[in-house]
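Trainee: Predicted structure and sequence below. I'll ask about it afterward.
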Amino acid sequence: MNYPQRVLNWISGLIFPVRCIECGRFSSKNNGYICKKCIRSVPLNKKFECIGCRRSSSLGLTCLTCRRTNHLDQLLVVSDYENSSVIKIIKTFKYRFIKEMAIPISWLLKKYVFWLSAARKFNLLTESPIIIPVPLHYRRLNWRGFNQAELIAQSLSEILNCNFDASLIKRTKIIKPQAEIEEREQRINNVRDIFQIIDRDKVKNKTVLLIDDVCTTGATLNEGARILKESGAAKIIGLVFARG
C-alpha cells in the first residue's frame, strides 16, 4: 500500500471508525475489521479428517472407502468453524461482502502453513502445486464484487511463492446456494457439471491446491476435483478456511 493510500485510510478511520466484529473495540480496515488481539486468539484447526466420512485421517487424506465416491485426495482446514470469531469472519466476508476480511484469513492461513511445515513436517511446496480457487459464476461475481475463494488463493500463492491461476476453471451455471440445501445427495446433484476446464494442458500431471472458503459436505470441492482429474491432474488437495 502506497503512502497516499495509507493517509487516506487513516483519515477515513478517523471519520468513520471501525469496530472489531468480535470484541467491539475500535479496529481498522487494515486489520480486516477484527483487532489483532482477537485474531491472535483464534486457534488453528489441528485435527485432520476424511472429506467423505469425516473420520480422523492422517493429514486429511481421503480414506480408502471414501475414495470410491470422492475425487479429492486430501483436505486441509485452517480454522475451527465453531469459533465465534471464525463464524463472524466468514459471515462478514460472504454475506456482507466486506473484502477486507481476506486480511485476517490471510494471517491465519500463513500461520497454518507454517504450523503444517514445522509441527507436521508437511510442505505444500514439495510437489510444485498450482493454486486454483473454486470459481463463482460471472453474474454472482458481478453482484458480490469479488470471489472470496480467489482472494484466499491469491494470498496462499504469495505465502508459498508458487503458481496461481484463477482462470483455469470456469463456472458455467448459477445454482441454488449449497448452504440452503441440507441433504448431502441433493448437494452433490446441485453442483454436478457446473465447472468447465479452460486449459487442460496447464493441469495435466500437476498437483492442484483447490481453494475455497468453507467446506461442508465437500460436494463443490469434489466436483472441482472430478473435472480436474478428468483433465489429467495427478493429485488434488483441497484447502479451506473452515469446515462447517
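Mentor: Sure thing, it's come through. This is a predicted model, so every value here is computed, not measured.
Trainee: So what's the model's average confidence on the top helix by length along the chain?
Mentor: For the chain, the longest helix by residue count, based on DSSP state H, is helix 102-119. The average pLDDT within helix 102-119 is 96.
Trainee: domain assignment for this structure?
Mentor: When the chain is parsed with automatic domain parsing, its domains come out as 1-39, 42-243.
Trainee: what are the bridge partners for the nearest residue to K47 once chain neighbours are set aside, then?
Mentor: The shortest distance from K47 to any non-neighbouring residue, by CB to CB, 6 or more residues apart in numbering, is to S56 (7.1 Å). C-beta coordinates here come from the backbone N, C-alpha and C atoms, glycine included. Following DSSP bridges, S56 is listed with bridge partners E49.
Trainee: how close does S56 sit to G232?
Mentor: Here S56 is placed at a distance of 31 Å from G232 (CB to CB, to the nearest Å).
Trainee: Specify which residue of those two has the higher count of neighbours.
Mentor: Neighbour totals were compared for S56 and G232, and G232 leads with 14 against 11 (other CB atoms under 10 Å).
Trainee: quick one: which helix or strand includes the spatially closest residue to the more buried one that is not a sequence neighbour?
Mentor: Closest residue to G232 apart from its sequence neighbours, by CB to CB, 6+ apart: K204 at 3.6 Å. Under the criterion of DSSP states H and E, K204 resides outside all helices and strands.
Trainee: ok, how many other residues are close to K204?
Mentor: Applying other CB under 10 Å, I find that K204 has 12 neighbouring residues.
Trainee: quick one: contacts for it?
Mentor: 231-233 (CB atoms under 8 Å, 6 or more residues apart in numbering).
Trainee: Take those and lay them out in JSON lines including secondary structure and pLDDT.
Mentor: Supplementary listing: the contacts of K204 in JSON lines, determined by DSSP: H, G, I helix; E, B strand; the rest coil; pLDDT from 0 to 100:
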{"residue": "S231", "secondary structure": "coil", "pLDDT": "96"}
{"residue": "G232", "secondary structure": "coil", "pLDDT": "97"}
{"residue": "A233", "secondary structure": "coil", "pLDDT": "98"}
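Trainee: Return the member of those nearest to Q74.
Mentor: The shortest approach to Q74 among the contacts of K204 belongs to A233, at 13.1 Å (CB to CB).
Trainee: To what extent is that closest one buried, counted in neighbours?
Mentor: Considering only other CB under 10 Å, A233 is surrounded by 25 other residues.
Trainee: measure it to L209 for me?
Mentor: Taking CB to CB, one finds A233 at 11 Å from L209.
Trainee: likewise E100?
Mentor: Counting by CB to CB, the gap from E100 to L209 is 24 Å.
Trainee: Please apply the same query to C38.
Mentor: 28 Å.
Trainee: Please apply the same query to L124.
Mentor: Distance from L124 to L209, by CB to CB: 7 Å.
Trainee: joint contacts of those two?
Mentor: With CB under 8 Å, 6+ apart as the test, L124 and L209 both reach I237.
Trainee: Among the two, which residue is more densely surrounded?
Mentor: L209 (26 against 19).
Trainee: helix/strand/coil for that one?
Mentor: The three-state label given to L209 by DSSP: H, G, I helix; E, B strand; the rest coil is strand.
Trainee: List the beta-bridge partners for it.
Mentor: According to DSSP bridges, beta-bridge pairing links L209 with I131, I237.
Trainee: Nothing else from me, thank you.
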